[in-house]
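**Q** Make a model of this:
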Amino acid sequence: MGSEGPTTPITTIHVTGFKKFHGVAENPTETIVNNLAEYMNKKGLPKGLVIGSCSILETAGQGALVSLYQRLQSAVISKDSESSNSNRTIWLHFGVNSGATRFAIENQAVNEANFRCPDEMGWKPQKVPIVPSDGGISRTRETSLPVEEITKALTEKGYEVMVSDDAGRFVCNYVYYHSLRFAERNGIKSLFVHVPLFFTINEETQMKFAASLLEVLASKS
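**A** Numbers count the residues shown, from 1 in each chain. Just a heads-up that it's a prediction; the model follows:
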């Protein structure tokens, strides 16, 4: 009997978006994430890419933490159940920047919650650490994914995309900080991407971008 060839590494990507929040009645990330699995299945999933889950988060910080960690933990449970050590797990978070004109790959999150308005559960922290045990509000956590390479690959595909070192101080940064901390402790990866409103870049282009991003992550992770 001939020996079997090497198995293709599997990259499982879990995706989140957000619901509406103050000033954004319709969040494009809710539409993108809700439609992503069906869109990718019609397009054809690249070899080695699995969409583990697509879920929508409340646009809230502290009040939504239990739900966030339940989702994060589910990725670890499914990862541990896989037999191959070559399998990779990524949490991909989409958030909207209503003032943006292009996509932004977020390199880091800051240990500071300084909300410009109350979140959807009424919380409005001012200059406080997200995780006090991590230290002060200047503490940062960076993604272990190659953001420069990811950005270059997406730019070459024709998208207006940039690397960002500032995810704000609102819920997006809050979720990203917790996700990066969780990822580091559990041997997985995390990335946050800001998208514009559909008024600025239309829905079809943003769906194509999300699909391209998944393909790039599967090849670069």
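**Q** Identify the residues contacting the residue nearest the centre of the chain.
**A** For the chain, the residue sitting closest to the mean C-alpha position, by C-alpha atoms, centre = their mean, is His93 at 1.8 Å. If you count contacts by C-beta atoms under 8 Å, 6 or more residues apart in numbering, His93 has them with 15-17, 172, 175-176, 179, 190-193. The way it works is simple: take the backbone N, C-alpha and C, and place the C-beta from them, glycine included.
**Q** what's the closest of the residues you listed to Glu26?
**A** Gly17 (11.7 Å; C-beta to C-beta).
**Q** that older thread, sort out which of the contacts of His93 are in helices and list them.
**A** Residues of the contacts of His93 located in helices (DSSP state H): 172, 175-176, 179.
**Q** returning to that earlier point: filter the contacts of His93 to the buried ones?
**A** For the contacts of His93, a burial check counting by 16 or more other C-beta atoms under 10 Å picks out 15-17, 172, 175-176, 179, 190-193.
**Q** thinking again about what came up before, got the phi/psi numbers for the residue nearest to the centre of the chain?
**A** With angles defined as degrees, to the nearest 10, His93 sits at phi -110, psi 130.
**Q** where's it relative to Thr29, distance?
**A** Going from His93 to Thr29 by C-beta to C-beta, to the nearest Å gives 9 Å.
**Q** What of Ile51?
**A** From Ile51 over to Thr29 (counting by C-beta to C-beta), the distance is 16 Å.
**Q** Which strands and helices lie in contact with the helix or strand of the chain with the lowest mean pLDDT?
**A** Here the helix or strand of the chain ranked lowest by mean pLDDT, DSSP states H and E is helix 65-81, holding a mean of 83. Here helix 65-81 is seen to pack against strand 11-18, strand 49-57, strand 88-96, helix 171-186 when contacts are counted using 3 or more C-beta pairs under 8 Å, 6 or more residues apart in numbering; DSSP states H and E.
**Q** For Lys152, find the nearest of these.
**A** strand 88-96 (18.0 Å).
**Q** So which elements touch the helix or strand just after the closest one?
**A** Downstream of strand 88-96, the first helix or strand assigned by DSSP states H and E is strand 103-106. Strand 103-106 sits against helix 147-156, strand 161-164, strand 189-195, with contacts defined as 3+ C-beta pairs under 8 Å, 6+ apart.
**Q** Tell me which of these is the most buried.
**A** strand 189-195 (a mean of 25; mean count of other C-beta atoms under 10 Å).
**Q** what comes into contact with that one?
**A** 28-29, 32, 88-97, 100, 103-106, 109, 143-145, 147, 150, 164, 167, 172, 175-176, 179-180, 182-183, 201, 206, 209, 213, 217, 221.
**Q** Mind listing the strands it pairs with, and their directions?
**A** Strand 189-195 sits in its sheet next to strand 88-96 (parallel), strand 103-106 (antiparallel), going by DSSP bridges.
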